[in-house]
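Asker: Any chance you can model this:
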Amino acid sequence: MYRLNLKFLKFTLCCISILFFNHAGHGFNLIHKDSTRVHSNNQVVTRNSETLLDSGWEFYWNKLIEPKDFSNQSKPDSIVELVSWTHFKLNEKHLPSFGYATYRLQFTLPLNRPNSSIFIPPAYAASKTWVNGKLISEIGKVSDVRDNVLHRRYHQTIPLDIHESHFEIIIQVANFYHNKAGLDKPLSVAESSYLNSKNRKKVMADMLFIGCLGFIGLFFLLFFFFYWNKDRAIFHLGIACVCLSYMALSSRYAPIAEIFPTISWAFLTRIEYISLFYAGTAASLFFNTIFKNFTHRIYSKILVYGFYILSFLVIILPAPHFTKFVFPFLVYMLFNIIYVFYVIATSFKEKKHDSILLLVGVLLGTIVFFLHIFVFIGKLENALIYVNFGYVLVFLMLSMLLMFRFSNSFVQLEKSRAIAVNQQKEISLKSNELSKVNIELKENLRQLENYNAELDSFNHIVSHDLKAPLVAMHTLITFIEEDLDLVLDESAKKHFDLLKGRVSKMDALINGLLEYSKVAKGKKSKELFSLNSLLNELIEILNYSDSTFHLPDEDIQVHANKLELEHVFQNLISNAIKYNDKEKAFIEISAIITDSEYVFAVKDNGPGIDAKYHSKIFEMFSQLDKDDETSTGIGLTIVQKLVSENQGKINVESEEGMGTTIKFTWKI
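Answerer: Numbering: from 1, shown residues only. Sure, this is the predicted structure:
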């Protein structure tokens, strides 16, 4: 849908560009259906008709001749029809665009004619007109020196004296800015009331076109900049309408030239050309915005760079070269229109609603344009009004398309706002729930702080109040044993040793509990160190000289809490040696680095552990050997806690009689 609508806009804008470029002084001849072409000096004036003065003109090249000087002049260089003098040949050569010349025509009208006037269409030159030896008007300033010429282009309606029948028209022209030159449209003689009526209808048509397009363009630009800048199609259509409106106004009425009498007409023409290029480019970008899902990704770049190139050439090239770019631009737009039709056809297959509206607009614009060229113009007096009304209708349809897009966007926005409001309510509810959770969390943290304080107090009690009696008990037993050393038999000594062992184990249990409670509260500062250096220091300090150790072949650098990792290895190595049933313990330690963690393993050649005890050994106070008086059952629990605190996992790989391998990971 969007593609057809934009196609229509593209085609219509191109058509309007052609029409008004010519209608405003660059193009088509407006001829009444009852117009008469006369090729003799005897003219006839009838009501509601025009007699064209398009042939039999004397042409004097590079001569500015006034009426009083014609008696002394030689024969004219040529007898011509009124077309651009670049079509004339002198000495077998075409005349250049730049230059000056004089036109002269003599004709006779009957005395019993109605009140009549001569219509002189705008020319691509400054001009100076005499009728029967009287200076009637000077449009711009005519001179044989380029720097003294002031170019202006206006049409004129000159009343003819009702008491005269013989007329001589002399027109001097000078052109130094356009590739066309001289009088390129025929003059006409008609009843004054008819010409005035015709002129009023032209003004009405211009008011309709310029006013409506200017209003539509300004409306959409203001709408885009101050209200809805989310849709670039609004901006492009507004620019296209404003540029076309300005081009028509400037070409036909030249208000800037009226306000600034000395301004260069070539400069104004450059602005008109750039407006034409910008109008076509903006219309194409309007199409591209609507059908962006169907156009090629480089289409918009071709449009923009094409506009830049044409505008740059118009700015830098001197006259008359820059005035030759209208035709290349229209050819460029023709290929663009062909592509637009292709895109519209593609989008139409997708059954897009906008394509239908745009298709109707394209068809209407095409019909209006071709009727303008081939049917209405020259055959119907009110043609221009109808044609301009058709163009306005086309742009109103495009405006409806934009309003349709806006309404859809607005509906979607309202839905989004409703969703946002609901989400805001949900967020508010979640926020209230979160506030309650935060309050509960703060209370839990407060309680946790109290528990930690109580735990610290408990540790203090254990370390001082419980250990002190044990130390005293152990000392007292030693004193009693020394006092009774001579009278004690072997059985009594054995009981004293058993009692001291129980006290020592109780002390070890208390120390283990204290150590376990301090694991989570230790500092987690990390440092970089060598693993093999750590293991060598540990083996040397613990003096495991009766055991064989195999350290990792490749020493790795570990970034971790050194004391915690040392404690883990110390417990695992001590257990591997302590519970080894071989003549000589063999301990193998390995290490691997992955992307996120270290993987360590401690393997021994001991008696192994039955699978049913693999998880039990990490429980506090758990002992596989119930007769072991030296074990507290806390060491592996501390190991597991340290590994867990460092976001790692620990597991056992062992079978009874096959040795044991304990693997654990450590977060990098």
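Asker: Could I get the full set of strands for the stretch 551-668 of the chain?
Answerer: In chain order, the stretch 551-668 of the chain shows strands spanning 557-560, 586-593, 597-604, 650-654, 660-667, with DSSP state E, counting those that start in this stretch as the criterion.
Asker: Minimum distance to residue 441: which of those strands has it?
Answerer: strand 660-667 (25.1 Å; C-beta to C-beta). All C-beta spots, glycine's among them, are computed from the backbone N, C-alpha and C.
Asker: Summarise which helices and strands the closest one is packed against.
Answerer: For strand 660-667, the packing partners by 3 or more C-beta pairs under 8 Å, 6 or more residues apart in numbering; DSSP states H and E come out as helix 562-578, strand 597-604, helix 635-645, strand 650-654.
Asker: on that earlier part again, out of the strands of the stretch 551-668 of the chain, which comes closest to residue 426?
Answerer: Smallest distance to residue 426 across the strands of the stretch 551-668 of the chain (C-beta to C-beta): 36.2 Å, for strand 660-667.
Asker: List the beta-bridge partners for residue 528.
Answerer: Partner residues in beta bridges with residue 528, using DSSP bridges, are residue 559.
Asker: wait, what's in contact with it?
Answerer: Contacts here follow C-beta atoms under 8 Å, 6 or more residues apart in numbering; on that basis residue 528 touches 557-559.
Asker: what would these look like in CSV with pLDDT and neighbour count?
Answerer: Supplementary listing: those in CSV, determined by pLDDT from 0 to 100; neighbours: other C-beta atoms under 10 Å:
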residue, pLDDT, neighbour count
557, 93, 9
558, 94, 22
559, 92, 12
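Asker: Which single one of these is nearest to residue 401?
Answerer: For residue 401, the nearest member of the contacts of residue 528 is residue 559. The distance, counting by C-beta to C-beta, is 64.8 Å.
Asker: Please look at the closest one and residue 525 and confirm they touch.
Answerer: No. Look at residue 559 against residue 525 with C-beta atoms under 8 Å: they stay out of range, at 11.1 Å.
Asker: among the helices and strands packed on strand 660-667, which is nearest residue 140?
Answerer: Between residue 140 and the helices and strands packed on strand 660-667, the shortest separation by C-beta to C-beta is 88.8 Å, and it involves strand 597-604.
Asker: can I get the CA coordinates of that closest one in CSV?
Answerer: These are the backbone C-alpha positions of strand 597-604, laid out as CSV (Å, rounded to 0.1, in the frame of the first residue of the first chain):
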residue,chain,number,x,y,z
GLU,A,597,38.5,-21.7,37.7
TYR,A,598,41.4,-23.8,38.9
VAL,A,599,40.9,-27.6,39.1
PHE,A,600,43.1,-29.3,41.8
ALA,A,601,43.4,-33.0,42.7
VAL,A,602,45.2,-34.9,45.6
LYS,A,603,45.7,-38.6,44.9
ASP,A,604,47.1,-41.2,47.3
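Asker: per-residue confidence averaged over that strand?
Answerer: On average, the pLDDT along strand 597-604 is 94.
Asker: now stretch 268-284
Answerer: Taken as a whole, stretch 268-284 has an average pLDDT of 90.
Asker: Name the residues of stretch 602-619 that are buried.
Answerer: 602-609, 617-618 (16 or more other C-beta atoms under 10 Å).
Asker: Start and end of it, how far apart?
Answerer: Stretch 602-619 has an end-to-end distance of 19 Å (criterion: C-alpha to C-alpha, to the nearest Å).
Asker: just how off-centre is that stretch within its chain?
Answerer: A distance of 64 Å separates the C-alpha centroid of stretch 602-619 from that of its chain, computed with C-alpha atoms, centre = their mean, to the nearest Å.
Asker: now the buried residues of stretch 602-619 as TSV including distance to residue 448?
Answerer: Shown next, in TSV, are the buried residues of stretch 602-619 (distance: C-beta to C-beta, whole Å):
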residue	distance to residue 448
602	34
603	39
604	39
605	45
606	41
607	42
608	41
609	36
617	30
618	25
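Asker: Just flag the most distant two among those residues.
Answerer: Every pair in these was compared (C-beta to C-beta); the two farthest apart turn out to be 605 and 618, at 21.7 Å.
Asker: Please, where are all the helices along the stretch 101-250 of the chain?
Answerer: Secondary structure of the stretch 101-250 of the chain (DSSP state H, counting those that start in this stretch): helices located at 192-226, 232-253.
Asker: Can you tell me which of those is most buried?
Answerer: For the helices of the stretch 101-250 of the chain, the stretch with the most neighbours on average is helix 232-253, a mean of 24; neighbours defined as mean count of other C-beta atoms under 10 Å.
Asker: What is the helix or strand just after that helix packed up against?
Answerer: Beyond helix 232-253 on the C-terminal side, the first helix or strand identified by DSSP states H and E is helix 255-259. Helices and strands in packing contact with helix 255-259 are listed as helix 265-290; criterion 3+ C-beta pairs under 8 Å, 6+ apart.
Asker: The helix it packs on vs helix 232-253, what angle?
Answerer: In terms of direction (axes from the mean of the first three to the mean of the last three C-alpha atoms, to 10 degrees), helix 265-290 departs from helix 232-253 by 150 degrees.
Asker: Renumber starting at 11 from here on
Answerer: From this message on, residue numbering opens at 11, which makes the last subject helix 275-300.
Asker: Can you name the element that comes right after helix 275-300?
Answerer: On the C-terminal side of helix 275-300, the nearest following helix or strand under DSSP H and E is helix 309-326.
Asker: by contact count, what packs against that next one?
Answerer: For helix 309-326, the elements it packs on are helix 275-300, helix 336-359, judged by 3+ C-beta pairs under 8 Å, 6+ apart.
Asker: Averaged over its residues, which helix or strand of this protein has the lowest pLDDT?
Answerer: Taking mean pLDDT, DSSP states H and E as the measure, the chain has helix 12-31 as its least confident helix or strand, at a mean of 39.
Asker: What are the contacting residues of stretch 143-162?
Answerer: With C-beta under 8 Å, 6+ apart as the contact definition, stretch 143-162 has outside contacts at 72, 74, 77-78, 108, 110, 133, 135-140, 163-164, 166, 168, 178, 182-187, 264, 267, 272, 274-276.
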